[in-house]
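S.K.: Got a predicted structure plus its sequence, pasted below:
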Amino acid sequence: MGFLYTAEQLQQLASSNASTSIDEAVLHLCQATGILRRKRYMHRGSRRSFTIYHQATEDAIPTLQSRCVSPVWSTPVGNSAPRKKVFHQHLITIRTMPVTATAAAVATAPVTAATDSTCAGSGREANLCRVNLSNCGPFQDRHEQDSSLVKFAVLNARSVSNKAFILNDRFTSHHLDFLFITESWLSGDDIIALGDLCPAHCSFLNSPRVSGRGGGLITVFKNSFKCRIVPTDLFSTFELQLFKINASVLCALVYRPPKMYCNFIQEFAELLSCMASRADKLLILGDFNIHICCPSKPLVNEFLGLVDSFNLVQSVMAPTHQKGHTLDLVLSSGFSVSNVKIVDTGVSDHFMILFESSLFCPPLHPPHPTPLSELLIPPQPHSSLILLCSLFHLLS
């Protein structure tokens, strides 16, 4: 069904002035086909009401006009009369021509809305899409919903100096609470790189390598957690950063350089014994450079046996290196680790390990002081009379 107007009919439409109401079925058909929809450039607050007009003759073409109210400033009379804003109504003919409807189309036209010839805002309803909101609950952000979860990440960065801004963005985008970095390659006086690495409202623990180049350990954490370095002995086969989180969890960030096989199992067993005697909740993580994916190797076999003897749970089950080996590990005891994910950040040949812990170590909140009225024992009725009677009985 298309436009079937001739040139004479179009000119007749342009000069149309008479107005009478058209058939209701034709009006409903125009509404169903979108003819009466409000144009996009018309502002919703334009005070326009749409009215259908057509000439009195049978072959007249219906038109759609809008009664628009526009403000005009009046001309003052004399010096004392202020200018006033008055409103004038005028008709604007909208050049939207209805399609020619056949008798069958008019008979099957859907019956919708109003029967009045003046349809104020009738096109507004046709532009709306009905949305079923019965299954929609109240919106709640995921990070607010999982506020009891502490989010961690571990990464072998292989130099932080040229990746500080990227790691800062990873900390913010993943909504982390802790970021553990091995092989930072920073010294103790690299203040600029450490400042670029640490996001707002966060702090860091920096443990650079004592001698030589490379190595280094950094822990970035939010200020809502209280972290304190725990002094410990130096080990020759691995680097260590040992600290407590909220005085309840003992955490050890470890980096073992490759080819450091001699005495590693013995020194790592000493570390585990020291940690087990100081806390019940242990978290040991970092780059161990041990191919856990190859249990047949002697070093792997001894390491896994040592981990089992201290009831530690190893939570990383996927490759953490580009060559397909599992080198970065997360060992825990006394709490559960969940939602372990391996993410390729593109800043190193190691992948980032993301994991969470439910009800592991919630942020510190200062306890509310107990009101003095709750600490005082309320006086009992007739307590003084009972005391006097007791004293009189003892004296007699």
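M.R.: Thanks, I have it.
S.K.: Distance of the spatially closest residue to N311 that is not a sequence neighbour relative to I218?
M.R.: Nearest non-adjacent residue to N311, counting by Cβ to Cβ, 6 or more residues apart in numbering: S333, 5.7 Å away. For the C-beta atoms, the positions are set from N, CA and C on the backbone; glycine is no exception. Separation of S333 from I218 (Cβ to Cβ, to the nearest Å) stands at 24 Å.
S.K.: Kindly report the same for S211.
M.R.: Remark: distance between S211 and I218 (Cβ to Cβ) = 18 Å.
S.K.: Over to I191?
M.R.: Taken as Cβ to Cβ, the span from I191 to I218 is 13 Å.
S.K.: More neighbours: those two, which one.
M.R.: Between I191 and I218, counting by other Cβ atoms under 10 Å, I218 is the more crowded of the two (25 against 9).
S.K.: show me where pLDDT drops low in the stretch 101-250 of the chain?
M.R.: 101-147 (pLDDT under 70).
S.K.: ok, which stretches of it are strands?
M.R.: Here the stretch 101-250 of the chain has its strands, by DSSP state E, counting those that start in this stretch, at 118-119, 149-156, 178-182, 202-207, 217-222, 227-229, 239-245, 249-255.
S.K.: Would you tell me which one of these is buried the most?
M.R.: Counting by mean count of other Cβ atoms under 10 Å, strand 178-182 has the highest mean neighbour count of the strands of the stretch 101-250 of the chain, with a mean of 27.
S.K.: Mind giving me the packing neighbours of that strand?
M.R.: Judged by 3 or more Cβ pairs under 8 Å, 6 or more residues apart in numbering; DSSP states H and E, the packing partners of strand 178-182 are strand 149-156, helix 164-173, strand 217-222, strand 249-255, strand 281-287.
S.K.: Kindly recompute the last result at 7 Å.
M.R.: Helices and strands touching strand 178-182, by 3 or more Cβ pairs under 7 Å, 6 or more residues apart in numbering; DSSP states H and E, are strand 149-156, strand 217-222, strand 281-287.
S.K.: returning to that earlier point: next, work out how far apart the residue nearest to N311 and V313 are.
M.R.: Between S333 and V313 the computed distance is 7 Å (Cβ to Cβ).
S.K.: If you count surrounding residues, which of those two has more?
M.R.: S333 (19 against 14).
S.K.: Contacts only, for that one.
M.R.: By Cβ atoms under 7 Å, 6 or more residues apart in numbering, S333 lies in contact with K281, L282, F310, N311, L312, V313.
S.K.: In PyMOL, how would I select the buried members of those?
M.R.: Command for PyMOL that selects the buried part of the contacts of S333, burial taken from 16 or more other Cβ atoms under 10 Å:
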select buried, resi 281+282+312
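S.K.: what's the most distant pair in the contacts of S333?
M.R.: The distance between the two most remote of these (Cβ to Cβ) is 13.0 Å, for K281 and F310.
S.K.: check contacts around the nearest residue to K281 once chain neighbours are set aside.
M.R.: Nearest non-adjacent residue to K281, counting by Cβ to Cβ, 6+ apart: G334, 3.7 Å away. G334 is in contact with D280, K281, L282, counting by Cβ under 7 Å, 6+ apart.
S.K.: roughly how far apart are the last one and L29?
M.R.: It refers to L282. Taken as Cβ to Cβ, the span from L282 to L29 is 76 Å.
S.K.: swap in the first one?
M.R.: Relative to L29, D280 is positioned 78 Å away (Cβ to Cβ).
S.K.: Compare those two (neighbour count), which wins?
M.R.: Each of D280 and L29 has its neighbours counted (other Cβ under 10 Å); L29 has more, 20 against 11.
S.K.: Secondary structure of that one: a helix, I assume?
M.R.: Yes. Judged by DSSP: H, G, I helix; E, B strand; the rest coil, L29 forms part of a helix.
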